[in-house]
Structure formats: C-alpha cells, structure tokens
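J.: Take this sequence and fold it.
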Amino acid sequence: MEILFYLYFVCFGVGLAFTLISALAADAFGGHDVHIDTGGIGHDVPAFSPLSPSTIAAFVTSFGGFGMILSKIDATSSPWISAPIAALGGFMIAAVLIWFFHKVFQWAQSSSEGQVVELLGETATVITPIPENGVGEIAYVQTGSRYSAPAREEAGLPVSSGKTVRITRIVGTQFYVIALG
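T.: Numbering: from 1, shown residues only. Next up, the predicted model:
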C-alpha cells in the first residue's frame, strides 16, 4: 500500500503548492473581486463559490493529509477504508472553509452597507419620472452612499423628476413610494 501513500502525498503536495502559489500570485498581481447581483437595487454582495480554486485546493490538500495519516494506521491502512474517510475529511475541511468565508463576507457586507428594510419611511428623489401606473427611478442615500432603484407610486399616480418621495414598501427589487408636498 506504499503506492497509496504516495498518491496521498502527491495530493497533499499539489494542494499545498497551489495554495502557496495562489497566495503569492494574488499578492503580486492584485487578485480579483467576485460579486453577485442581489436584484438590481444597487447593492453587491461578495460571493465565495463552493467550486472556487481555494475550496478545491483545501479539499485536495486535506484529502492528501488525511490519507497519509490514515494509510499509516493499521486499522485504516486499506484503501477501501482510508480513501472514503480521507474524502470525507476533505469535504469537511472544504465545507468549513466555505462557511468561514461566507461569515467573513457577511460580516464585511453588513458593516459597510445598510439593510434594504431600513429604507422604509426614508425619503428619496425621483430621478426618472414615474408615469401613471408605471415605473420610474428614485435615488436615495444610505450609509453615506447614493443608490438608485426602480420605483412605482403607491396609488399609481404620476410623479415628476426632482420630486421628493417617501419609501413605503419594497417588493422584490421595486420600491413603492408616495409623493411628499
């Protein structure tokens, strides 16, 4: 079963080397941001894919590491035992990594942008006229940043550009407003 140990060793080495090269290359070349659109209301949320290179590298590295350890223990030296347990260990490490980055991104997002629900009752300015029973566009400021969103007047009334409105409800990506004054 020495060949199995070397297979685990190669997985561990390739995963570790990929992780180190990625870390150095990202620092040298600046890396890239990943964002997903959350529905067109102007807020982007960073995403961390379960199939990202970091997650795959974590799986391969931990699969190799668990495999090397398990192949040296008499009770788990059989490939029929060590490989499934090593794969399970790899999936668990990758899952913890995904959870960790999700929490980090969630924390970073919640600290830098407000929640849409906090906008209820706030004022905004119509930047594209809202036609009768139609959709226009509003601009609002939240946590120091200016955003825009599609908007309808609650009663279906027209609202001209430049008017101040109050946000009454949000359905999906559409804001409902009433004109002030």
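J.: Which residue, other than its chain neighbours, is closest to residue 165?
T.: Spatial nearest neighbour of residue 165, excluding adjacent residues (C-beta to C-beta, 6 or more residues apart in numbering): residue 177 at 3.8 Å. Every residue, glycine included, has its C-beta placed from N, CA and C.
J.: what's across from the one you found in the sheet?
T.: residue 153, residue 167 (DSSP bridges).
J.: Could you do residue 138 as well?
T.: Beta-bridge partners of residue 138, as defined by DSSP bridges: residue 126, residue 149.
J.: for it, what are its contacts?
T.: Shown in contact with residue 138 (C-beta atoms under 8 Å, 6 or more residues apart in numbering): 124-127, 148-149, 151, 165, 167, 175, 177.
J.: Are any of those buried, and if so which?
T.: 124-126, 148-149, 151, 165, 167, 175, 177 (16 or more other C-beta atoms under 10 Å).
J.: between those residues, which is closest to residue 135?
T.: Checking these against residue 135 by C-beta to C-beta gives residue 151 as the nearest, at 6.9 Å.
J.: Report the contact partners of that closest one.
T.: By C-beta under 8 Å, 6+ apart, the contact set of residue 151 is 124, 126, 130, 135-138, 165, 174-177.
J.: what's the closest of those to residue 77?
T.: Closest to residue 77, out of all of the contacts of residue 151 and judged by C-beta to C-beta, is residue 174, at 61.3 Å.
J.: For that closest one, grab the count of nearby residues.
T.: Neighbour count for residue 174, taken as other C-beta atoms under 10 Å: 15.
J.: so what's it closest to, chain neighbours aside?
T.: In this structure, residue 174 finds its nearest non-sequential neighbour in residue 150, 5.3 Å apart by C-beta to C-beta, 6+ apart.
J.: Sketch out the low-pLDDT regions of this protein for me.
T.: Across the chain, the ranges flagged by pLDDT under 70 are 1, 26-48, 108-114.
J.: Can you spell out the domain ranges of it, please?
T.: 2-112, 116-179 (automatic domain parsing).
J.: Quote the end-to-end distance of the last one.
T.: Okay, so that is domain 116-179. 20 Å (C-alpha to C-alpha, to the nearest Å).
J.: Find out how far it is from the centre of the chain, if you would.
T.: Computed by C-alpha atoms, centre = their mean, to the nearest Å, the separation of domain 116-179 from the middle of its chain amounts to 27 Å.
J.: swap in the longest one?
T.: Shown here is domain 2-112, whose average C-alpha point lies 16 Å from the average C-alpha point of the whole chain (C-alpha atoms, centre = their mean).
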